[in-house]
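Enquirer: Provided below for reference: sequence and predicted model.
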Amino acid sequence: MYKECGIEAGSLVDLKKWGREKILKNKELLSEYISYREVLNEYTKILKERKNEHIECNIEKVANQVGLTTKTMRNKE
């Protein structure tokens, strides 16, 4: 039987399904996840654009550009 990270594949599928059901019932967590995905997508997009320009980019700069702050940045304030 195939294992990923020491977990059987079937168990991993069940765990993912269970987690998906739980997060869909928690509106606040779902909203945070959607914001996280949006920042990640923006970060990836900017990285691809800047890769050709050889400009350094980091997640904090991207988060600030899209109007969000990371936990690290919030703790510094």
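Expert: The structure has been received and is ready for your questions.
Enquirer: how about the strands in this protein?
Expert: Listed in chain order, the strands found in the chain under DSSP state E are 3-4, 7-8.
Enquirer: mean pLDDT for the ones you listed: which is lowest?
Expert: In terms of average pLDDT, strand 3-4 trails the rest of the strands of the chain, at a mean of 58.
Enquirer: what's the lengthiest helix in the chain packed up against?
Expert: Criterion DSSP state H: the longest helix present in the chain is helix 27-51. With contacts taken as 3 or more CB pairs under 8 Å, 6 or more residues apart in numbering; DSSP states H and E, helix 27-51 sits against helix 9-25, helix 59-65. C-beta coordinates here come from the backbone N, C-alpha and C atoms, glycine included.
Enquirer: Highest mean neighbour count out of those helices?
Expert: Of all the helices and strands packed on helix 27-51, helix 59-65 has the most neighbours on average by mean count of other CB atoms under 10 Å, namely a mean of 15.
Enquirer: how about low-confidence regions in the protein?
Expert: 1-7, 52-77 (pLDDT under 70).
Enquirer: picking that back up, any idea of the angle the longest helix of the chain forms with helix 9-25?
Expert: On the basis of axes from the mean of the first three to the mean of the last three CA atoms, to 10 degrees, helix 27-51 is oriented at 110 degrees to helix 9-25.
Enquirer: re the thing from before, closest one to Val39 among the helices and strands packed on helix 27-51?
Expert: With distances scored as CB to CB, the stretch of these nearest to Val39 is helix 59-65 (5.5 Å).
Enquirer: returning to what we had before: present the helices and strands packed on helix 27-51 as JSON lines; the columns should include distance to Ser35.
Expert: Shown next, in JSON lines, are those (distance: least, CB to CB, whole Å):
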{"stretch": "helix 9-25", "distance to Ser35": "13"}
{"stretch": "helix 59-65", "distance to Ser35": "10"}
